[in-house]
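[1] sequence? don't have it. structure:
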């Protein structure tokens, strides 16, 4: 059994760099869509 200190209690799969880019792009799109709708934040658009 490995006891490497960098391992957390719950193993997390590595995040692909493109996945981070996609998440960031979705956030930008939601923010832009909310701005077009006249809302201050994407959270308000989600309600």
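    That came through, no problem. Here the structure is a predicted model, which means the values were calculated and not measured.
[2] drop to CA atoms for contacts and neighbour counts, all remaining ones
    OK.
[3] which helix in this structure runs the most residues?
    Counting by DSSP state H, the longest helix found in the chain is helix 17-36.
[4] Just the buried residues of that one, please?
    Neighbour counts over helix 17-36 (16 or more other C-alpha atoms under 10 Å) mark 30, 31, 34 as buried.
[5] Relative to residue 9, how far out is residue 23?
    25 Å (C-alpha to C-alpha, to the nearest Å).
[6] Next: residue 31.
    34 Å.
[7] related to what we said a few turns ago, average model confidence for the longest helix of the chain?
    Averaged across helix 17-36, pLDDT comes to 89.
[8] All further residue positions should be reported with the first residue as 13.
    Yep, numbering from 13; the last one is helix 29-48 now.
[9] Against which helices or strands is that helix packed?
    Contacting helix 29-48 under the criterion 3 or more C-alpha pairs under 8 Å, 6 or more residues apart in numbering; DSSP states H and E are the following elements: helix 54-58.
[10] pLDDT averaged over the helix it packs on - what is it?
    Helix 54-58 comes out at a mean pLDDT of 60.
[11] Identify the residues contacting residue 33.
    Applying C-alpha atoms under 8 Å, 6 or more residues apart in numbering to residue 33 gives no contacts.
[12] Repeat the analysis, applying 10 Å as the threshold.
    residue 39 (C-alpha atoms under 10 Å, 6 or more residues apart in numbering).
[13] Secondary structure element for residue 21, which one?
    Assigned by DSSP states H and E, residue 21 belongs to neither a helix nor a strand.
[14] Number of residues surrounding it?
    6 (other C-alpha atoms under 10 Å).
[15] Can you give me the separation between it and residue 28?
    For residue 21 relative to residue 28 (C-alpha to C-alpha), the value is 21 Å.
[16] Please apply the same query to residue 46.
    Distance of residue 46 to residue 28, given as C-alpha to C-alpha: 28 Å.
[17] can you check residue 45 too?
    Distance, residue 45 to residue 28, using C-alpha to C-alpha: 26 Å.
[18] for residue 40, same thing?
    The value you get for residue 40 to residue 28, if C-alpha to C-alpha is used, is 19 Å.
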